[in-house]
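Peer 1: Any chance you can model this:
(2 chains)
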Amino acid sequence: MSSLGSALLGLAFLAAVAAGAIALLGRSGDERWLRISRRVVYAFCGLLTACVVIIELAFAGDDFSFNIVQQHSSIETPTGYKLAAMWSSQEGSLLLWAWVLSIASSAALYATRNKLRELVPWATAVMMGVAAFFTGLMLFAPDVDPFAKTATQLGQVPTDGVGLNPLLQHPSMMIHPPMLYSGYVAFTIPFAFAIGALVTRRIDAEWIRATRRFALIAWTFLGFGLLLGARWSYTELGWGGYWAWDPVENAALMPWLLGTAFLHSIMVQEKRGMLKVWNASLIVGTFSMALLGTFLVRSGVLQSIHAFGDNTVGPYILGLIAVVLVGSTALIASRLDDLRSEKRIDSLASRESIFLVNNLLLVGMTAVIFWGTFFPLISELFTGDKASLAAPWFDRYTTPLAIGLVLFTGIGPLLAWRRVSWESAKRVFRLPLAVAAVVTLALALFTDAADQLWALALFAFAAFALTGLAQEFWRGTQARKQLSGEPGPQALVGLVSRNRRRYGGYIVHIGVIVLLVGIAGSSSFQTNRDVELRPGESTTVDGRTITYVKPTMAVDEEKFTFGSLLRVEEGGEVVGFLRPSRRFFRPTGQEPGPISTYFAGEATSEVGLRAGFWHDLWIAEQPNVVDVQRGVRLADQGFSACVQGAPGTPPQCKALGALMRAAAANPSLQPQAFRQISQLQGLAAERVAKSFLATTAASTFKVIVNPLVTWMWIGGLIALAGALIALWPSRGRRRGALLRTEADARKEAKYREIRDAELDHATGKLSDEDFALVDAELRREAIEILDRENGGGSRNGGGNGNGAHPREPEKVEQG
Amino acid sequence: MDPQRKRKIRLVVALSVAVLLAVALIYTSFSAATGAKEPSELVNAAPGTSAQLTGKVVKGSIKREGNGIAFRVVDRDGKGPSLPVTYHGTVPDPFRGGREIVLTGTVESAGFVGEPETLITKCPSKFTTKSDV
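Peer 2: Numbering: from 1, shown residues only, chains lettered A, B, ... in the order given. Okay, here's the model as predicted:
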């Protein structure tokens, strides 16, 4: 099977190279070449899918002749984790990268198969260039061949594998890496189309319209991946935090931040024809950051808790980043004339100028994180000393920037595009400002929030922003209700589903603000205590009395679990019990050794967590296993004395000793001997472990009271829901609109803009005079588009068949 | 004021703010950073030197001492002299002999004393090279 896989991988590489080359043959717009290259891309996707299937089948079927399976899985590994074990390996994660890219490229080319004929060849070449790079790495770089055979003596296939690290055996770890990877990879698509647009000088909003969705998908995946990682860290790692400003975390956050900036600033280009250089640079930056993330994980350049042994592909990826940066910068510089803005910002009080401010904050934040992450290298350059920056340094800069972001996120949606009059501003700002003032006052008077001014500022701005967003939903619904006569809830649903991008985006805003409230609460007002307790003793942390009721234990073939039963009381009443524990794993994939090997493998914390809307009570335990370890030593000594036939040995033991000696000479007896040893050791291990139940030794407990942390996860899920709403294809699109041409897309975009202006007018953001001005301007632009199209006469209106007349944009009131 | 000039002023203001912020950033980063040192660089350091210790935990050297732990750390390449380390506080899950750690603390006469909550153990989970297995 592995040689079939290698062959398919080789073919995939050839397909990627061929697809790129054929696409370039069609750069004059020759459809035949484009069709062929598109099909070769599909074939590339099919070949990589086959490769992934082969690897997954090998994992599922415990085929230890595959090196990747032998090193990362074992017979005992649960099936779900076997399937996820592919991306815990370096070569498997490269395969995942290439595979996701092949899917994304195919989807992008399918979606644009009737559009952007000039641009697609170059975009295909870029996508396939990147794809060929990663496929080529697996084929030609040392030690990263996913189909490598296990190195064995005498051609024997090992009977078991090393197994998957128990720390990674957590549901969120199954999906966290593919989420992040899909995020990284999907940013390739907008990047490729941006390069296509620059090369062909087609730098209007077409490439953005064609790939906006991919950027949003990338952003969603990356964001959700980050959230899962944070959740895993919080519940699994036993240190109680969710973010450590570790280089690898930062590496995933940076493209996400730049991606956020990109998603906002492309709206300005779509609607106003501005910020073209900025957008092109942003997507180049985002893609480079995504590559950098892939690189950092594999380079060993920076000290990270995600240590990934030194390895071989880092320098190649660094080379690719250099090519991307130098090439793109040169390309943008040579196209500066074409990239000039079509318009200027009319007024500082307009949505586009707020977008610009938010963009600067996001890019500033990325710059701070970039500097901090790479500071060890910078410092080594200047001082010869690899000094690194810790979390407080990052917090000092990112906190005010994040608070500024919340403020402007609150202001942005309240302003209309182009211009805002003083009258309408007063109307929309009144309520949010009032609510923010009341909330701030209440927090300062009735809670200790005033001790942490940054947190108080964040809560105030969050109240402002959330009220503003609620008002948006309310006014939109009212406007729709009035015009359509629908009842409230139906009007709300109608409003959101008719304007998915806008209201989906607002829901994302709500989610992110709620998430930041959770971060502010849990990082500013946390109580964190390390306590030593003996069975029966109690301690009080932040008003909660915690009693160590009794020790607990469990034992099975792969691990010891030692923990405790804790009683939690608040105000004298028992509110619940927590069961923190620590698991001690035997190293997997080895022959049975003494019982002490239980303490030689990984150890993981099982956190006792009592989650609540206001507070989480989080407890991890370091059980004191000194007594148990003494018992283990005695048992191991007893065992070896016993099988050596010491006086007073029971007869079964003597028989086992004889069997072991026989097995040493005759390998065919080994399995039988191992079975018997394991059995006997299981009994001994259980007896030793039980001694923990009578322990009187003190265990160390880490007790954290974390306010508002639950809102982080809730906010993240709200943001995810919002992103999905914004991504969901609108009805028009689903109705066979996939055949739409560029001209249709341009018209549709203008209609949407007119509809947006109407909505802004209806919700009071645009005054009557401003609306009249803006509307007239937009309609003139719409007619221009239609004139150009009919004058050119090249293509008819496509789907709707009435290209001669501007289709009256559907108004808010029409269902 | 004509719009051209206004734009120019705006640009200059924005750029100066950016430059000021960048200078602050660079300045604070050099003063806030702690140097990462390996045991061989710290065994002969004067007591009171604070540093970020990086290195590998010597297998079998971890002992419980009072309510903390004591262990020895060697350079990441496993060579050179080892440094005795004491640490109080909770230990991360992946911590054990043979693992690489990062720990902030100070050198004292008896060895390196780590600050609570600063022990970081590298997660050995992914992409291990063959020599590690």
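
Peer 1: can you give me the strands for chain B?
Peer 2: With DSSP state E as the criterion, chain B has strands at B:34-37, B:50-57, B:63-65, B:68-74, B:83-88, B:100-108, B:111-114, B:120-121.

Peer 1: do the same with the stretch 51-200 of chain A
Peer 2: Using DSSP state E, counting those that start in this stretch, no strands are found in the stretch 51-200 of chain A.

Peer 1: quick check, A:Val564 in a strand?
Peer 2: In this structure residue A:564 is Ser, not Val. Yes - counting by DSSP: H, G, I helix; E, B strand; the rest coil, A:Ser564 is found in a strand.

Peer 1: which ones are touching it?
Peer 2: Residues in contact with A:Ser564, defined by C-beta atoms under 8 Å, 6 or more residues apart in numbering or on different chains, are A:535, A:548-552, A:579-581, A:621, A:623, A:699, A:701. To be clear about C-beta, it is placed using only N, CA and C from the backbone, and glycine gets the same treatment.

Peer 1: Does it have any beta-bridge partners, and if so which?
Peer 2: A:Ser564 has these beta-bridge partners by DSSP bridges: A:Pro551.

Peer 1: Then the one 5 residues further on?
Peer 2: With DSSP bridges applied, A:Glu569 shows beta-bridge pairing to A:Thr545, A:Val574.

Peer 1: next one: A:Pro707
Peer 2: Bridge pairing for A:Pro707 (DSSP bridges) gives the partners A:His615.

Peer 1: rewinding a little: please indicate which of the contacts of A:Ser564 are buried?
Peer 2: Buried members of the contacts of A:Ser564, scored by 16 or more other C-beta atoms under 10 Å in any protein chain shown, are A:Pro535, A:Tyr548, A:Pro551, A:Thr552, A:Pro580, A:Ser581, A:Glu621, A:Pro623, A:Ser699, A:Phe701.

Peer 1: Which ones among those residues map onto helices?
Peer 2: If you go by DSSP state H, the buried ones among the contacts of A:Ser564 have nothing in helices.

Peer 1: Is the residue in the stretch 351-500 of chain A positioned nearest to chain B bridged to anything, and to what?
Peer 2: Closest approach between the stretch 351-500 of chain A and chain B, counting by C-beta to the nearest C-beta: A:Ala387, at 3.6 Å. In this entry, A:Ala387 is beta-bridged to B:Gly35, by DSSP bridges.

Peer 1: on that earlier part again, can I get the buried ones among the contacts of A:Ser564 in a markdown table including pLDDT?
Peer 2: Shown next, in a markdown table, are the buried ones among the contacts of A:Ser564 (pLDDT from 0 to 100):
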| residue | pLDDT |
| --- | --- |
| A:Pro535 | 92 |
| A:Tyr548 | 93 |
| A:Pro551 | 92 |
| A:Thr552 | 92 |
| A:Pro580 | 93 |
| A:Ser581 | 92 |
| A:Glu621 | 90 |
| A:Pro623 | 87 |
| A:Ser699 | 88 |
| A:Phe701 | 90 |
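
Peer 1: So which of these is the closest to A:Trp393?
Peer 2: The shortest approach to A:Trp393 among the buried ones among the contacts of A:Ser564 belongs to A:Phe701, at 30.0 Å (C-beta to C-beta).

Peer 1: and the gap between the closest one and A:Val574?
Peer 2: 18 Å (C-beta to C-beta, to the nearest Å).

Peer 1: One more: A:Thr150?
Peer 2: To A:Val574, A:Thr150 is 55 Å away according to C-beta to C-beta.

Peer 1: ok, now A:Ala684?
Peer 2: Relative to A:Val574, and taking C-beta to C-beta, A:Ala684 is found at 38 Å.

Peer 1: more crowded one of those two?
Peer 2: Set A:Ala684 next to A:Val574 and count neighbours by other C-beta atoms under 10 Å in any protein chain shown: A:Ala684 wins out with 19 against 11.

Peer 1: Quick check: mean pLDDT of the host helix or strand of that one?
Peer 2: Assigned by DSSP states H and E, A:Ala684 falls within helix A:670-690. Averaged across helix A:670-690, the pLDDT comes to 79.

Peer 1: which residues in the stretch 651-800 of chain A form helices?
Peer 2: Using DSSP state H, counting those that start in this stretch, the helices of the stretch 651-800 of chain A run over residues A:651-665, A:670-690, A:710-727, A:731-734, A:742-762, A:768-792.

Peer 1: closest one to A:Gln482 among the ones you listed?
Peer 2: helix A:742-762 (8.3 Å).

Peer 1: Show the average pLDDT along that closest one.
Peer 2: Rounded mean pLDDT across helix A:742-762 is 79.
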